[in-house]
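J.: Sequence below, structure please.
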Amino acid sequence: MPRRPEPELMDEPAQATAYAAADFAATDRLVVDRFAEILTTLTPGRCPDRLVDLGCGPGNISFLLAEQYPEAHVVGLDGAEAMLAIARERLDSRENLSATGDNARPASTGGARASDRRFGGNLEFRHLVLPCADLESPDLVQACDAVLSNSLLHHLHDPAVLWHTVRQLSAPGATVVYIKDLRRPESAAAAEDLLHRHLGQAPEVLQRDYLASLHAAFRPDEVEAQLLQAGLTGLRVAPLDDRYLEIWGQL
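T.: The predicted structure follows:
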């Protein structure tokens, strides 16, 4: 099945709302757990100082990363303002809940509540539309020691944009990269089968976008060629489960 690109940004309010309301908790947790496994393998005993969630959407994975690495500064980047609005609203709600709980807690109890520890100012969201020559965030250029991205690659009409951005963000010799994305099936019929198997009961807007994403996704051999062209020889790619691929390594 030939690749058929889809719109690069999920900026329709209906898309953002449906995506944010969907229950991706299990798959999001798998992404963060796999990233943690790779980080531990490649850099034993090290906690990232600055971690970027590239294509963060409504922030599902960004929040998990902020919880997993409370000492790290986590930055969620996305080009869709509708998605970022939801992510920021969620962050404000959690920070307000933390502050309210802290004020209500008697001083004699001591210690920090879990919500205080999880969202103590180590998470922020920024708008970034790719490609971007200077990232509009000079503090991130070659300054991030971990870059994670989930389901961004297939949205890009030119995949080289992602690899250029990963290189822009990465601190030379010190950055762990983990990228998970959909894998394009062999045929339109196979794509329909995956849709009904995994999102058969989802809202229509999610089913529409999921099918479009399967048609827009890349195959492992195509990603290998992209990495070779980008000179990112420290990254490897492999198929995962029945519909994903993952790219990981150290730059």
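J.: Would you tell me what helix or strand residue 191 is located in?
T.: With elements taken from DSSP states H and E, the one containing residue 191 is helix 188-199.
J.: Output the contacting helices and strands for whatever helix or strand comes next after that helix.
T.: For helix 188-199, the succeeding helix or strand toward the C-terminus, using DSSP H and E, is helix 204-216. When contacts are defined as 3 or more CB pairs under 8 Å, 6 or more residues apart in numbering; DSSP states H and E, helix 204-216 packs onto helix 13-21, helix 188-199. Quick note: C-beta positions are derived from backbone N, CA and C, even for glycine.
J.: picking up where we left off before, got a list of contacts for the helix holding residue 191?
T.: 1, 185, 206, 207, 210, 211, 214, 215, 242, 243 (CB atoms under 8 Å, 6 or more residues apart in numbering).
J.: The residues you listed: which two are farthest apart?
T.: Spatial extent of the contacts of helix 188-199 (CB to CB) is set by the pair 1 and 206 at 20.9 Å.
J.: Looking only at neighbour counts, state which of those two leads.
T.: Neighbour count, other CB atoms under 10 Å: between residue 1 and residue 206, residue 206 has more, with 17 against 14.
J.: And the strands in this protein?
T.: Secondary structure of the chain by DSSP state E: the strands cover 50-54, 73-78, 123-127, 146-150, 176-182, 235-240, 244-250.
J.: so who does the residue nearest to residue 151 when sequence neighbours are not counted touch?
T.: Sequence neighbours aside, residue 181 is the residue nearest to residue 151 in space, at 5.7 Å (criterion: CB to CB, 6 or more residues apart in numbering). Taking CB under 8 Å, 6+ apart, we find residue 181 in contact with 149, 150, 151, 152, 153, 154, 217, 218, 244, 245, 246, 247.
J.: at 10 Å instead, please
T.: Contacts of residue 181 were listed using CB atoms under 10 Å, 6 or more residues apart in numbering, and they are 55, 149-155, 159, 162, 213, 217-218, 223, 237, 240, 243-247.
J.: pLDDT score assigned to residue 114?
T.: Reading off the confidence values, residue 114 has pLDDT 33.
J.: typo on my end, residue 218
T.: At residue 218, the pLDDT recorded in the model is 99.
J.: How about the one 5 residues further on?
T.: According to the per-residue confidence, residue 223 scores 99 in pLDDT.
J.: doesn't residue 247 make contact with it?
T.: Yes: under the contact definition of CB atoms under 10 Å, residue 223 touches residue 247, with a separation of 6.3 Å.
J.: coming back round to it: check the contacts of residue 181 for burial and list the buried ones.
T.: 55, 149-155, 159, 162, 213, 217-218, 223, 237, 243-247 (16 or more other CB atoms under 10 Å).
J.: quick one on the thing from earlier: most neighbours among the contacts of helix 188-199, which one?
T.: Tallying neighbours with other CB under 10 Å puts residue 214 at the head of the contacts of helix 188-199, with 23 neighbours.
J.: Confirm for me that that residue is in contact with residue 208.
T.: No: the pair residue 214 and residue 208 fails to qualify as a contact (CB under 10 Å) at a distance of 11.3 Å.
J.: which residues of the stretch 51-200 of the chain score low on pLDDT?
T.: With pLDDT under 70 as the threshold, the stretch 51-200 of the chain has low-confidence stretches at 98-120.
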